[in-house]
Every structure is written in C-alpha cells, then in structure tokens.
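In: predicted structure and sequence below. I'll ask about it afterward.
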There are 2 protein chains.
Amino acid sequence: MGTRAYLGYRGDDAKTPWGEFFNPEMAPLPAHVVDALHHGPQADQVLLGFDSAAELLEAGYHQTETGYGHLPNGAFQVSVRTDMPGVTPRMWDWWFGWHGTDTRRYKLWHPRAHASARWADGGGDGHYVGRTSLIEEYLGSSYAKAAIRFVEPDKIGVPAQRLGDSVAVCARLGSSEVPVDIGWFVHHIRRTPQGAEMRSRFWMGGPYVGVRHGNLFANSMVRPVAARQLPDPRDLLVHCAQEMNHLAGFLPALHARFG
Amino acid sequence: MGTRAYLGYRGDDAKTPWGEFFNPEMAPLPAHVVDALHHGPQADQVLLGFDSAAELLEAGYHQTETGYGHLPNGAFQVSVRTDMPGVTPRMWDWWFGWHGTDTRRYKLWHPRAHASARWADGGGDGHYVGRTSLIEEYLGSSYAKAAIRFVEPDKIGVPAQRLGDSVAVCARLGSSEVPVDIGWFVHHIRRTPQGAEMRSRFWMGGPYVGVRHGNLFANSMVRPVAARQLPDPRDLLVHCAQEMNHLAGFLPALHARFG
C-alpha cells in the first residue's frame, strides 16, 4: 500500500495567504450528476470518442454531457459538465499553473480527497503545459499516486487555434511510481451567459494504457496489469464533479486575490 | 464484438410520417425508480415468482412494484412500474404490433439505446403474438442482439380470459445470434383513474436460460456460458423504466395519428 500523505489541514497549514479559502464542507452533488449515477453505464455511441475530442469546440452540447460507459475497445469514458457562474475560462488557466506548487493549495480543490501535490521539475508557479504534476489523491476509497503530464490541446486532437477565449486543459494521466500511463483527459472551459461551464472528458484503460517510453510489446504486457489499477468510473465521475463544483464556488475570489 | 447499428436519427431518417416524434432528450428517471436503485437487491420473498405471474391480474400492488433481486434458483428478477397518464392499455397493444416493422419506429422508444428492429418473418404491421422481433439495443454499455418471441399470456401462466380490458405483452427473450434464450418478461398494462400503468416483470438467467429446440443436457451445458451474457439487473431496470416512461409521453398522440 505504501505511505499516504494526510488529508485536510493540520497545525499551521492554514497560515498561508490563501488558507482562509480552505473549506472542508463540500456542496451536495449537482442534480444532473446524481441523475447520471442513477442512469449507470451508457451506450458507447452516445459517449465522446477520444478521436473526436475536437467536437468539444462546437457549439451546443453532446448527447452525454455527464455520464459514463464502457467502450468496445475495452476502455471506459467519463464525462462531467460543471456550471460555474461568475467564473471565466482564464481563471482555470491560472489555477492550473498556480495550484501545483504547494500541497496546501491543491487541498483547497477537494478537501476530502486531495493529499499532496508538487511539480516533477521542482519548480514554482507559472505555466503548466509541458510540466508534470505529481499528486496523491483518493478516487473513491482508492489512493492514487499519479503523474499528470499536461500537454498542448493539439496533442489530443483539439486544435489550439480554434479555442478562441475558451480554455482546454489537456493531460496524460499515469502513475508516479511506475512508468505507466492509464488515460487522457481534457477539461474544456467555455463562457456562458452566467460565467463559464467546464466540460470534462476522460478516456481510461484499454488502448489508452501505455508504458512511458515503451513500445507495443511493453504496452501489451502491461495492459492487463494496469486494468486492475484503474479507478471505478463512478468514483472518477463523482470526484471530478465534486472538485470542479467546489473550487468554482470560490475561484473568482481566489483569482482576484492571487491571480 | 461484431458490427453495431447506429443510434439515433441520421440523414433522412426523420423523413417519415412519424419522424417528428423522435426526441433524443429523455426525462429524468421517475423518483420511485431512483428509490429502487438506492435500495439495491431485494429479498427473493418480496419478488414475484415466475410461477406466480398470474398475480399481476389481481387488484392492488405487489410488495415490490419497482426493484430487483436475485432468486435462490440462480436467476434474477426485475420489476418496474410506469405511470402513464392519458394512455390506454390498447395503445400498447397497438404499439407492439406497429413498432417492430421499422428501425425508425423502434428508435422513438429509447433514443439513447435502440439501434435496430425487424420482424424475423420479414412481415409488416399488425399482430405481434407468435412473431419474433429481432432487435439490437444497448442495456447499459452492453450491446445486445436479441430475439424477442412474443407469446400468448397463457404461456407464462397469465390466463388470457381473465385480462378484461387490461393487456399483457409476454415474451421469451433470447439471442438472435445463437439459439439460446435467457429469460421471460411480461408487461401488464391496466387502467388507472388517470390513464394506465404498466407493470413489467422480467425473469432472467438460472432456469430461464435454455437452448432453443434443445434438451435438458444442452441447457445444462449452455447455462454457465449464458450467465456471462446476462445484463446487469440495474441496467435492465433503468432501461425499461426509461423507455416506457419516454414512450408514454407521446404514445397517445402517436396512436391518434397512426393507430
């Protein structure tokens, strides 16, 4: 199992300029997320394919904005939409370059599940694309030591030149303990009349598992093992919905102070 | 995995007299269905036994009108009640004889899960009892190619002469790819002060698995294999609740036009 970092604030953890934003109470799940949990796994044909990620840039909504299901290729897909009144897409761009430098910032985001964060390069605030965030967090009851390598949107087929004033946070998600990646995700944030909305999409397992700097043979060896390490899609859906909804509640104030 | 028919309407699919009734947006699950999902599997003694199907014709309600559970014989049972204001039992009798002739009709019923339908006899509209509907649909994320052989109510122990103005749609449910049946179902529709209610009952797996035109030995061989093909009872419950609730919303108008 290995050692685990602690959840929440202890001792002097709150004695930072941003400490007052730590709120251990999280809002209930939005009703549309509860609906998605009730509906259970969805048909692959109403889920966004990894090769179709660019469709996030089109106006309107997908047939499954919040939900999950299994794909014929053995992977699973999770989608979450989060309403964010008063938020702008740029605030999220700032957040992703700011939170990873200090565990006490990372904990603001999901006070019940986030345990530790640091940059693999040991560096500080600024940009995030091209850097790897080493985090420890719970997904459901499972403790994960993860490496999140942020990539250019083009890397997952989302053309950066078409983003306009929207933001696409894209990453390769893997382990920080073994050189294995298990999935991809994108959080696309676009303006709405009331502020912004985030449309998160995860593709996990199946062909999205790969050995870092490995080859096809290594990938085929590691996939069955990696499959056992994957989170439950329902846990991932709940976690994402909770953290995005929670942070959106104070992101405008946080950004006004530190952005 | 095999080929899959497509979900939803494409191209000229809506250019039929009934095309305007295709609505990709489905209502949220009724609250009593959500309650049943929260309750999880129920005691077999509060589930309707296959040999007691005739109890559907009695006044009042069963102890489990919506819910699911595992039976001591290795099968599972799923029950769903659907309120249908403005609907009559005869409309459902018409629907079952009408929808199976054209995939674009079948898709009206569950726009997120129904992919294909045709009659095994290649015939057109009319009756359904004694005919086999070959369908392709999702149950959760699982794609099923099914053969639904509609039978007389007496075949599952529901005496037709006691139906009165209620309707009992009864069928043997199996695969369209291999000669294996996996369960039975009945949708009993009866009048209420506001219209009608459908009480669906499924018995799946265990002794309800059988090789078509097979024998006891063949059945005992195929059961362990068939058990792995069975849907998750929760997915079946959600699917049934969704499709019946969805269609009931426009069945009176559809029937008025085409019935």
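Out: Nice, thanks for sending it over.
In: please count neighbours and contacts with C-alpha atoms only from this point.
Out: Noted.
In: does any part of stretch A:191-203 sit near chain B?
Out: No - with Cα under 8 Å from any Cα of the partner chain as the criterion, chain B is not reached by stretch A:191-203; the gap is at least 14.8 Å.
In: same check, this time on stretch A:16-29
Out: No - counting by Cα under 8 Å from any Cα, chain B has no neighbours in stretch A:16-29; the shortest distance is 15.4 Å.
In: contacts for that stretch?
Out: In this structure, residues lying in contact with stretch A:16-29 by Cα atoms under 8 Å, 6 or more residues apart in numbering or on different chains are A:8, A:13-14, A:104-105, A:107-108, A:111-112, A:238, A:241-242, A:245-246, A:250, A:254.
In: ends of that stretch, how far apart?
Out: Distance between the two ends of stretch A:16-29: 29 Å, counting by Cα to Cα, to the nearest Å.
In: before we move on, what about stretch A:62-79?
Out: Counting by Cα to Cα, you get 10 Å between the two ends of stretch A:62-79.
In: run through the neighbouring helices and strands of the lengthiest strand in chain A.
Out: With secondary structure taken from DSSP state E, chain A has its longest strand at strand A:180-192. Taking 3 or more Cα pairs under 8 Å, 6 or more residues apart in numbering or on different chains; DSSP states H and E as the contact definition, the neighbouring helices and strands of strand A:180-192 are helix A:89-98, strand A:167-175, strand A:195-205, strand A:210-211, helix A:216-227.
In: those into TSV, with extra columns for mean neighbour count?
Out: Written out in TSV, the entries for these read as follows (neighbours: other Cα atoms under 10 Å in any protein chain shown):
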stretch	mean neighbour count
helix A:89-98	19
strand A:167-175	23
strand A:195-205	24
strand A:210-211	22
helix A:216-227	14
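In: save these as TSV, and put in mean pLDDT too.
Out: Supplementary listing: the helices and strands packed on strand A:180-192 in TSV, determined by pLDDT from 0 to 100:
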stretch	mean pLDDT
helix A:89-98	98
strand A:167-175	97
strand A:195-205	98
strand A:210-211	90
helix A:216-227	80
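In: of those, which is nearest residue B:191?
Out: Closest approach to residue B:191 among those is made by strand A:195-205 (43.9 Å; Cα to Cα).
In: wait, which of the contacts of stretch A:16-29 is closest to residue B:214?
Out: Proximity to residue B:214 was ranked across the contacts of stretch A:16-29 by Cα to Cα; first place goes to residue A:238, at 46.5 Å.
In: and that closest one, how far from residue B:76?
Out: Residue A:238 sits 29 Å away from residue B:76 when distances are taken as Cα to Cα.
In: likewise for residue A:206?
Out: Shown here: residue A:206 relative to residue B:76, a distance of 30 Å by Cα to Cα.
In: between the two, which one's more packed in?
Out: Applying other Cα atoms under 10 Å in any protein chain shown to residue A:206 and residue B:76 shows that residue B:76 carries more neighbours, namely 23 against 20.
In: hmm, that one is touching residue B:69, no?
Out: Yes - under the criterion of Cα atoms under 8 Å, residue B:76 is in contact with residue B:69, at a separation of 5.7 Å.
In: hey, what's in contact with both of those two?
Out: Here residue B:76 and residue B:69 share the contacting residues residue B:233, scored by Cα under 8 Å, 6+ apart.
In: distance across stretch A:6-14, terminal residue to terminal residue?
Out: 14 Å.
In: residues of the stretch 51-200 of chain A that sit close to chain B?
Out: Going by Cα under 8 Å from any Cα, the residues of the stretch 51-200 of chain A near chain B are A:69, A:70, A:71, A:72.
In: which SS state does the first one fall under?
Out: For residue A:69, the assignment made with DSSP: H, G, I helix; E, B strand; the rest coil gives strand.
In: what about the closest residue to it other than its chain neighbours, neighbour count?
Out: Closest residue in space to residue A:69, ignoring its immediate chain neighbours: residue A:41 at 4.3 Å, by Cα to Cα, 6 or more residues apart in numbering or on different chains. Under the neighbour criterion other Cα under 10 Å, residue A:41 is assigned a count of 24.
In: how about residue A:41, what does it touch?
Out: Taking Cα under 8 Å, 6+ apart, one finds A:67, A:68, A:69, A:70, B:140, B:141, B:235 in contact with residue A:41.
In: equivalent analysis for residue A:35, please.
Out: B:28, B:29.
In: checking it next. Helix, strand or coil?
Out: Three-state call for residue A:35 (three-state DSSP): helix.
In: so which bits of stretch A:130-138 are buried?
Out: For stretch A:130-138, a neighbour-count test (16 or more other Cα atoms under 10 Å in any protein chain shown) marks A:131, A:132, A:133, A:134, A:135, A:136, A:137, A:138 as buried.
In: tell me where the model's unsure across the stretch 1-150 of chain A.
Out: Across the stretch 1-150 of chain A, the ranges flagged by pLDDT under 70 are A:1-2.
In: mind listing the helices in it by residue range?
Out: If DSSP state H, counting those that start in this stretch is used as the criterion, the helices of the stretch 1-150 of chain A fall at A:31-39, A:89-98, A:103-109.
In: by contact count, what packs against the second one?
Out: Under the contact definition 3+ Cα pairs under 8 Å, 6+ apart, helix A:89-98 sits against strand A:167-175, strand A:180-192, helix A:251-258.
In: rewinding a little: now the residues of the stretch 51-200 of chain A next to chain B in TSV, with neighbour count?
Out: Putting those into TSV (neighbours: other Cα under 10 Å) gives the following:
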residue	neighbour count
A:69	23
A:70	23
A:71	22
A:72	16
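In: out of the buried residues of stretch A:130-138, who's nearest residue B:199?
Out: The closest of the buried residues of stretch A:130-138 to residue B:199 turns out to be residue A:138 (Cα to Cα; 41.6 Å).
In: for the closest one, which residues are in contact?
Out: If you count contacts by Cα under 8 Å, 6+ apart, then residue A:138 has A:113, A:114, A:115, A:144 around it.
In: out of these, which are buried?
Out: The neighbour-count test (16+ other Cα under 10 Å) marks A:113, A:114, A:115, A:144 as buried among those.
In: longest helix in chain A, by number of residues?
Out: Counting residues, the longest helix found in chain A (DSSP state H) is helix A:233-248.
In: does that helix come close to chain B?
Out: No - using Cα under 8 Å from any Cα as the criterion, no contacts between helix A:233-248 and chain B are found, and the smallest distance is 12.4 Å.
In: name the nearest residue to residue A:187, sequence neighbours excluded.
Out: When the adjacent residues along the chain are set aside, residue A:187 lies closest to residue A:200, with 4.3 Å between them (Cα to Cα, 6+ apart).
In: the one you found touches residue A:190, doesn't it?
Out: No - judged on Cα under 8 Å, residue A:200 makes no contact with residue A:190 at a distance of 11.4 Å.
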